[in-house]
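Chemist: model this:
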Amino acid sequence: MPGMEVLELAKAAFALFAIVDPVGIIPLFLLATQGYTLAQSRSAARFAALTVLGVLTAFTFLGEPLLLFLGIRLAAFSVAGGLLLLLLALSMVQAHVSPQRQTEDEAVEAEEKDAVGVVPLGVPLLAGPGAITHMIVAAGATRGEVLHQVALLIPVALVAFTVWLAFRAAPAIARRLGKTGIHVVTRLMGLIIAAISIEMIAGGLGKLFPGLLA
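Modeler: Numbers count the residues shown, from 1 in each chain. As a prediction, the model looks like this:
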């Protein structure tokens, strides 16, 4: 694989990691699995990782055809997705859980669900609108080249693996970093996502209005 493609995959993986932010979700994972046995906690971590892998893989291949079916241009979706990511980034910079990820009602319902690894941890906290948008735009940038789309599964698999590792080690990470450390990581990821969102908005506007950003 050419060096440029490897670099693009590395950038996609890092951006996706920042958006999914498994470290920032650790406090919610610990809250959702409070009172669980070690086996149940590890099962929830596994289901969360598999949910992230399945959902993001599905949208990598089906996202753009769905947009075409709905008559939505990828550039317009890129602008809308960039705005959504910007809202997510602003919440993360303030170390808050964005309403785009989880509403108050969903937070209450989470305590009543057994499969917390799937809902709400897998969807919408990890594989939420921001991550889904990122994968659809990244897949659209491949211009229908199947091999390049398949290559995008590498970042997806890596991020799903980091979710599994982070949740498996959640108690130790929480003890080491503490709330302050986790908030610092979340704020840094928020800054990165803010920059990514601006790039998405600028790129989308440039395609919708040629010459606007020249």
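Chemist: Which SSE is immediately downstream of the helix or strand of the chain with the lowest mean pLDDT?
Modeler: The helix or strand of the chain with the poorest confidence is helix 104-110; it has a mean of 55 (mean pLDDT, DSSP states H and E). Moving toward the C-terminus from helix 104-110, the first helix or strand encountered (DSSP states H and E) is helix 129-140.
Chemist: what sits up against that next one?
Modeler: Outside of helix 129-140, the residues within contact range by C-beta atoms under 8 Å, 6 or more residues apart in numbering are 12, 15-16, 19-20, 52, 55-56, 59-61, 63-64, 67, 74, 77-78, 80-81, 84-85, 88, 100-101, 149, 152, 156, 193, 196, 200. Placement of C-beta: from N, CA and C, glycine included.
Chemist: got it, and stretch 20-32?
Modeler: Contacts of stretch 20-32 (C-beta under 8 Å, 6+ apart): 44-45, 48, 52, 92, 97, 110-111, 116, 120-121, 125-127, 131, 159, 162-163, 166-167, 170-171, 173-174, 177, 179, 182, 185-186, 189.
Chemist: give me the element Ala160 is part of.
Modeler: Using DSSP H and E, the element containing Ala160 is helix 153-168.
Chemist: Which positions within that helix qualify as buried?
Modeler: 153, 155-160, 162-164, 166-167 (16 or more other C-beta atoms under 10 Å).
Chemist: what about Ala95, is that helix, strand or coil?
Modeler: coil (DSSP: H, G, I helix; E, B strand; the rest coil).
Chemist: For it, give me the pLDDT.
Modeler: Looking at Ala95, its pLDDT reads 70.
Chemist: about what we covered before: counting contacts, what elements does the helix holding Ala160 pack onto?
Modeler: Applying 3 or more C-beta pairs under 8 Å, 6 or more residues apart in numbering; DSSP states H and E, we find helix 153-168 packed against helix 3-20, helix 22-32, helix 38-70.
Chemist: which one of those helices lies closest to Gly144?
Modeler: Of all those, helix 38-70 sits nearest to Gly144, with 8.2 Å by C-beta to C-beta.
Chemist: what residue ranges in this protein score low on pLDDT?
Modeler: For the chain, the stretches with pLDDT under 70 are 1-4, 96-114, 211-214.
Chemist: for the chain, what's the longest helix?
Modeler: Using DSSP state H to define each element, the chain has its longest helix at helix 170-208.
Chemist: packing partners for it?
Modeler: Checking 3+ C-beta pairs under 8 Å, 6+ apart, helix 170-208 ends up next to helix 3-20, helix 22-32, helix 74-93, helix 129-140.
Chemist: and these, which is most packed in?
Modeler: helix 129-140 (a mean of 23; mean count of other C-beta atoms under 10 Å).
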